[in-house]
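[1] Below are the sequence and a predicted model for it; my questions follow.
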Amino acid sequence: MLEGILVVSLEQAVAAPLCSLRLAEAGARVIKIERTEGDFARHYDKDVKGNSAYFVWLNRGKESLVIDIKNTKDLALLKKIISSADIYIQNLAPGAAERAGLGSKYMRASNKKLITCDISGYGQTGPYRDMKAYDLLVQAETGLCSVTGTAEEEGRVGVSVCDVACGMNAHSSILQALYNREKTGEGSAIEVSLFDGMADWMNVPYLQTVYGSRSVERVGLSHPSIAPYGAYMTKCGKKILISIQNEREWVQLCSSVLMLKDLSKDERFNKPTYRVKNRTALDQIIADEFIKYNKDILLERLRKERIACGVLNSINDLENHPQLRKVKCIIGNEEVELIAPPSIVKGEKNRISKIPSIGENSIDIWKEFNEK
């Protein structure tokens, strides 16, 4: 799909590598620029055949070129590669690329068709421009932690959602820029940040607070305006989540799942607002019934009545989930499986991609571009 597109990514950590990964998965050639010691995400852990789980996830199918941007010859090569590229991504600290002579504006001046994407924590301007912006810090700054966790204490979303959101935003913006280039023949300048991406995701609680004059509270696995909505323990030790969205589902839950036909008529619970008001009492009634049955019995009843439900799974459960798709990649001479990319494009075959070692492609890339 993106065959023939050359991407140069001066990248590290998560956001920029995720963006360039999606481009590589679509067929683009991605040259990953690394320091001598490599992307520091290589060293987060050694869980996957001696490699970091983060690095294996985010760097499949890329070429690795080691560059010292303080070395004159290395810098000249990198500029030469970017001058013939279609896309240039960088997530150095704001201002660092410019100081090295690799600023996006400068690189577009020598390549009018170049699409540049600058990725940062808080943006290229503003009072937080130079602040360090690790994922957890941005979760806190955007208010995400204030709506995550239990009623007693704030929580962190357990995966790097700010980095992921930023990488997704960068990817979609680059695809828009590629389409625009097809029409105009000109490249584009793109800026995305972790803060802006997660702030956008916070629009609903923001609007509810600013215009609804109400405080959005943490409710754990419950829902602030729907009941019953939450997780309930079963006899076998697994929790099942349910979500009742309308009165038909409420009646069916009471009569065909809980086997409590009169519960739906109880004056404490016979309207949605009453159920929210009396959530504690309702949750206890449901919990007392769920604990009598193994999860499979309850799931069969819930699914038969078309009531939204799910199991509170562990990561081990995810590994064997019947809906989970996987892809293979190569690390050294070994093959490993990981979770498949989220998009399915009809007609496109899954590529078995390779995880590059540090500077694995340096010699070949030097030769290729020195001959041009």
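    Alright, I've got the coordinates.

[2] Model confidence at the most centrally placed residue in the chain, what's the number?
    Centroid-nearest residue in the chain: residue 164, 3.2 Å away (criterion: C-alpha atoms, centre = their mean). We have a pLDDT of 96 for residue 164.

[3] measure it to residue 263 for me?
    Note on residue 164: its distance to residue 263, by C-beta to C-beta, to the nearest Å, is 41 Å. All C-beta atoms are positioned from the backbone trio N, CA, C, and that covers glycine.

[4] tell me the helices in the stretch 1-150 of the chain, going along the chain?
    Taking DSSP state H, counting those that start in this stretch as the criterion, the stretch 1-150 of the chain contains helices spanning 15-25, 53-58, 72-83, 96-99, 104-109, 135-141.

[5] Now do the buried residues in the second one.
    Of the residues in helix 53-58, those buried under the neighbour-count criterion (16 or more other C-beta atoms under 10 Å) are 54-58.

[6] Repeat that for the third one.
    Buried residues in helix 72-83, defined by neighbour count with 16+ other C-beta under 10 Å: 74-75, 77-79, 81-82.

[7] Let's have those residues in a markdown table, adding distance to residue 252.
    A markdown table is the format used below for the buried residues of helix 72-83 (distance: C-beta to C-beta, whole Å):
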| residue | distance to residue 252 |
| --- | --- |
| 74 | 67 |
| 75 | 68 |
| 77 | 67 |
| 78 | 63 |
| 79 | 66 |
| 81 | 62 |
| 82 | 61 |
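
[8] Make a markdown table from the residues you listed and add pLDDT and distance to residue 235 to it.
    Shown next, in a markdown table, are the buried residues of helix 72-83 (pLDDT from 0 to 100; distance: C-beta to C-beta, whole Å):
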| residue | pLDDT | distance to residue 235 |
| --- | --- | --- |
| 74 | 94 | 64 |
| 75 | 94 | 66 |
| 77 | 95 | 65 |
| 78 | 96 | 62 |
| 79 | 95 | 66 |
| 81 | 96 | 61 |
| 82 | 96 | 61 |
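
[9] What backbone torsions are found at the residue nearest to the centre of the chain?
    The phi and psi values for residue 164, taken as degrees, to the nearest 10, are phi -60, psi -50.

[10] And it, how close does it get to residue 13?
    Separation of residue 164 from residue 13 (C-beta to C-beta) stands at 12 Å.

[11] now residue 105, nearest residue through space, not along the chain?
    Spatial nearest neighbour of residue 105, chain neighbours left out: residue 189 (7.1 Å); criterion: C-beta to C-beta, 6 or more residues apart in numbering.

[12] what's the neighbour count on that neighbour?
    13 (other C-beta atoms under 10 Å).

[13] when you give positions from now on, start the count at 391
    Noted, 391 is the first residue going forward, which turns the last one into residue 579.

[14] Pairing-wise in the sheet, spell out the partners of it.
    Note on residue 579: beta-bridge partners by DSSP bridges are residue 506.

[15] Can you give me every residue that contacts it?
    Counting by C-beta atoms under 8 Å, 6 or more residues apart in numbering, residue 579 touches 494-495, 498, 506, 508.

[16] among the residues you listed, which ones are buried?
    Here, 16+ other C-beta under 10 Å leaves 494, 498, 506, 508 buried among the contacts of residue 579.

[17] List the residues that contact the spatially closest residue to the first one that is not a sequence neighbour.
    The one in question is residue 494. Leaving out its chain neighbours, the residue that sits closest to residue 494 by C-beta to C-beta, 6+ apart is residue 506, at 3.6 Å. Residue 506 makes contact with 477-480, 494-495, 497-498, 577-580 under the criterion C-beta under 8 Å, 6+ apart.

[18] so how far is residue 695 from residue 506?
    As judged by C-beta to C-beta, residue 506 and residue 695 stand 53 Å apart.

[19] Residue 664 too?
    For residue 664 relative to residue 695 (C-beta to C-beta), the value is 21 Å.
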